[in-house]
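**Student:** build me a structure from this.
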Amino acid sequence: MIGKCKLCNKSEELQNSHIIPNYFFKRLKRNGSAIQTEVTVGIPNIKTQDSWSEYLFCKNCEQHINKFEKYVISFTKHPFNVKSTADSKDNNIVQFSNLDYERFRLFQLSLLFRAAIASGREWATIKLSKTKKEEIRLSILTKKLPDELRYACQMKILWDFKNNTPLDTIVMIPIKKILTRGEIIYFVFGGFAWEFFVPKLSRKTEKDNYFIRTDGTLLSPIMDYLSYKPLIELLPLIFLKEKIGLTKL
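**Tutor:** From the prediction side, this is the model:
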């Protein structure tokens, strides 16, 4: 398929690009299918093996993104193989060290960018202005990163305490929450919650310090997934759609 690459803006053969990396869907596929539900009440629950891909980037830009995507995938597969220590004041907070700040941030920005430019209904609520999309596009293309607070992504480890394992078998359609001065866009995949603050972290949120810093450190709280509000808010919606017959499971 020939089209305009959404990253370099050149007319090229486009690749079928995954919005959330396909790796995170593989475990779901091995176990059958994922349940796809959306915040719109009128859209039914469905079983899917779709990994949400669209023709977005040319081959060169796809390879450009893959370089930092592979790094973060490797991190999420074995996060505790990275230098990590329990916080001295709170054993439920882990500090990761020696992370590659550039590759980590470029992956995060590319995830936000892909969701914002994708046309599938899964991404319908993720809207950024042309100015913001252009700012992020240029950052990814040139590797000139914005300030660490701008489009910062808080990361929280979601844990299944019953089985004492990370919650790495769920991929959640992103949802957003409107704030007084911006919005938060929530993703769940790879055993982590990814919380993007657009356009930047507030001073109050910055104090939590749960985002990667330029020195390669990342503080992540370990949370019981049953207490993670954005995920739990979807469960009643799934059951409501079941009750009123909006299901194709």
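
**Student:** can you tell me the element residue 155 falls in?
**Tutor:** Per DSSP states H and E: residue 155 is located in strand 153-160.

**Student:** hmm, who's touching that strand?
**Tutor:** 79, 94, 108, 112, 165-167, 170, 188, 191-197, 201, 205, 208, 210-212, 218, 220-225, 228, 231 (Cβ atoms under 8 Å, 6 or more residues apart in numbering). Glycine gets a C-beta too; all of them are placed from N, C-alpha and C.

**Student:** so what's the residue nearest to residue 179 when sequence neighbours are not counted up against?
**Tutor:** Nearest non-adjacent residue to residue 179, counting by Cβ to Cβ, 6 or more residues apart in numbering: residue 202, 7.6 Å away. Applying Cβ under 8 Å, 6+ apart, we find residue 202 in contact with 179, 181, 182.

**Student:** okay, now residue 104: neighbour count?
**Tutor:** 21 (other Cβ atoms under 10 Å).

**Student:** any idea how far it is from residue 222?
**Tutor:** Here the criterion is Cβ to Cβ, to the nearest Å. By it, residue 104 lies 19 Å from residue 222.

**Student:** which residues in the protein form helices?
**Tutor:** Remark: helices assigned in the chain by DSSP state H are 23-30, 59-77, 101-117, 130-142, 203-206, 229-232, 234-243.

**Student:** between strand 153-160 and the third one, find me the angle.
**Tutor:** For helix 101-117 against strand 153-160, the angle between stretch directions is 90 degrees (axes from the mean of the first three to the mean of the last three Cα atoms, to 10 degrees).

**Student:** list the buried ones in helix 101-117?
**Tutor:** 101, 103-117 (16 or more other Cβ atoms under 10 Å).

**Student:** flag the shaky bits of the protein, pLDDT-wise.
**Tutor:** Residue ranges of the chain with pLDDT under 70: 27-51, 80-91, 234-249.

**Student:** quick check, central residue of it?
**Tutor:** residue 187 (4.2 Å; Cα atoms, centre = their mean).

**Student:** ok, that one touching residue 193?
**Tutor:** Yes: the criterion here is Cβ atoms under 8 Å, and residue 187 meets it with residue 193 at 7.3 Å.

**Student:** partners of residue 154 in the sheet?
**Tutor:** Note on residue 154: beta-bridge partners by DSSP bridges are residue 195, residue 211.

**Student:** how near is residue 167 to residue 225?
**Tutor:** Residue 167 is 4 Å from residue 225, by Cβ to Cβ.

**Student:** comparing the two, which residue is more hemmed in?
**Tutor:** Just comparing residue 167 and residue 225: by other Cβ under 10 Å the higher neighbour count belongs to residue 167, 23 against 20.

**Student:** that one against residue 193, yeah?
**Tutor:** No: using Cβ under 8 Å, residue 167 is not in contact with residue 193; the gap is 9.2 Å.

**Student:** just to revisit the earlier point, which one among the contacts of residue 202 gets closest to residue 20?
**Tutor:** residue 182 (22.3 Å; Cβ to Cβ).

**Student:** that closest one bridge partners, please.
**Tutor:** Each beta-bridge partner of residue 182 is listed here, defined by DSSP bridges: residue 179.

**Student:** wait, it touches residue 199, no?
**Tutor:** Yes: with contact defined as Cβ under 8 Å, residue 182 and residue 199 form a contacting pair (5.6 Å).

**Student:** who has more neighbours, the two?
**Tutor:** The neighbour count for residue 182 versus residue 199, taken as other Cβ under 10 Å, is higher for residue 199 (18 against 14).

**Student:** angles on the backbone of the more buried one, please.
**Tutor:** Note on residue 199: backbone dihedrals following degrees, to the nearest 10 are phi -90, psi -10.

**Student:** contact partners for the closest residue in space to residue 150 that isn't next to it in sequence?
**Tutor:** Distances taken as Cβ to Cβ, 6+ apart place residue 200 nearest to residue 150, at 4.7 Å, with adjacent residues excluded. Going by Cβ under 8 Å, 6+ apart, residue 200 touches 147, 149, 150, 151, 152, 182.
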